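J.: the following comprises the amino acid sequence and a computationally predicted model.
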Amino acid sequence: PAPPGSPLAEDGDWDRAAPYRHGWRAAAATAMELFAARTQGAYVERHESCLVWQYRDADPDYGEMQATELEAQLGVVLAPHAGQVRVLRGRNPSRGGYVEVRPSGVDKGALLRRVLSALEAAGRPAAFALVVGDDASDEPMFAALKKWGDESPSGAAARRAGRAFSVTVGKKPSDAEAYVDAHDNLVELLEALARVSKRGARYYSSHDFAQEYAAAAAAAADDSDANVASAAPAPAADMARSMSMPAFGQASANAPRRRAVPRQ
């Protein structure tokens, strides 16, 4: 959430996800700066909604030890704000190890729930959902998708149809239902989905043309009946089918019958 008085807080197009409480930021920032000063390569990232202690450039072993100690220290200094903030420890392949402090209820799971609820309220429930993540901050999103599939009628329908997926990058304990080994495999997955989507759209026009041909055939049949009583036009449905795609599995009335040949 944006600080009071900022454009983000006053703009009508923005909606605050949680009450703005800034008392925890000073205590958390003081502890993080202290540990950054005594850990070579560590630094603090200040965001509007969270504080992150990054140690990806530090010595791996010493950074892990300091992160563990910082996590414990934050639990002490943030005790007066219990229930308002959350301390998150994670390791991101692209961002390295980190310790994060953020307001409770402000995570990717909360955002996913808001998006799905908004679609439901608009009368357009999601028919397909794919959520992908690679570190601890993505776990609330996986849990939210699973809950949506278990409790929401549209979510249950999507799961039954095989259209709700949660995927984590790397084989590890996770609430995600599936995993890919690396980010390159994720790119391959998305490319495959794009190909399937385009392939489905490629044949959609044939069904539209079938409807147009059926209407034209019906109009032609009406004119023929009015002017030539002896004419017997083909049924509109047959004409539409023949112009759009062959009627597989239906033998022609004029096709010669095949005679069974006994086996030798």
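T.: Yep, it's here.

J.: show me where the stretch 51-200 of the chain has its strands.
T.: 51-54, 85-92, 96-103, 129-133, 164-169, 178-180 (DSSP state E, counting those that start in this stretch).

J.: compare the ones you listed and say which comes out lowest on pLDDT.
T.: Lowest mean pLDDT within the strands of the stretch 51-200 of the chain: strand 85-92, at a mean of 82.

J.: one step back: and Arg113, which of the strands of the stretch 51-200 of the chain is closest to it?
T.: Closest approach to Arg113 among the strands of the stretch 51-200 of the chain is made by strand 129-133 (11.7 Å; C-beta to C-beta). The way it works is simple: take the backbone N, C-alpha and C, and place the C-beta from them, glycine included.

J.: can you pull the buried residues of the closest one?
T.: For strand 129-133, a neighbour-count test (16 or more other C-beta atoms under 10 Å) marks 129, 131-133 as buried.

J.: would you turn those into TSV with distance to Val196?
T.: TSV is the format used below for those (distance: C-beta to C-beta, whole Å):
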residue	distance to Val196
Ala129	16
Val131	18
Val132	17
Gly133	22
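
J.: shaky segments in the stretch 101-250 of the chain?
T.: 160-161, 199-217, 220-250 (pLDDT under 70).

J.: show me where it has helices.
T.: Using DSSP state H, counting those that start in this stretch, the helices of the stretch 101-250 of the chain run over 108-121, 139-151, 153-160, 183-202, 204-227, 236-244.

J.: for Glu33, what are its contacts?
T.: Val44 (C-beta atoms under 8 Å, 6 or more residues apart in numbering).

J.: and it, how close does it get to Ser197?
T.: 48 Å (C-beta to C-beta, to the nearest Å).

J.: what of Arg89?
T.: Using C-beta to C-beta, Arg89 is found at 38 Å from Ser197.

J.: what of Val85?
T.: 41 Å.
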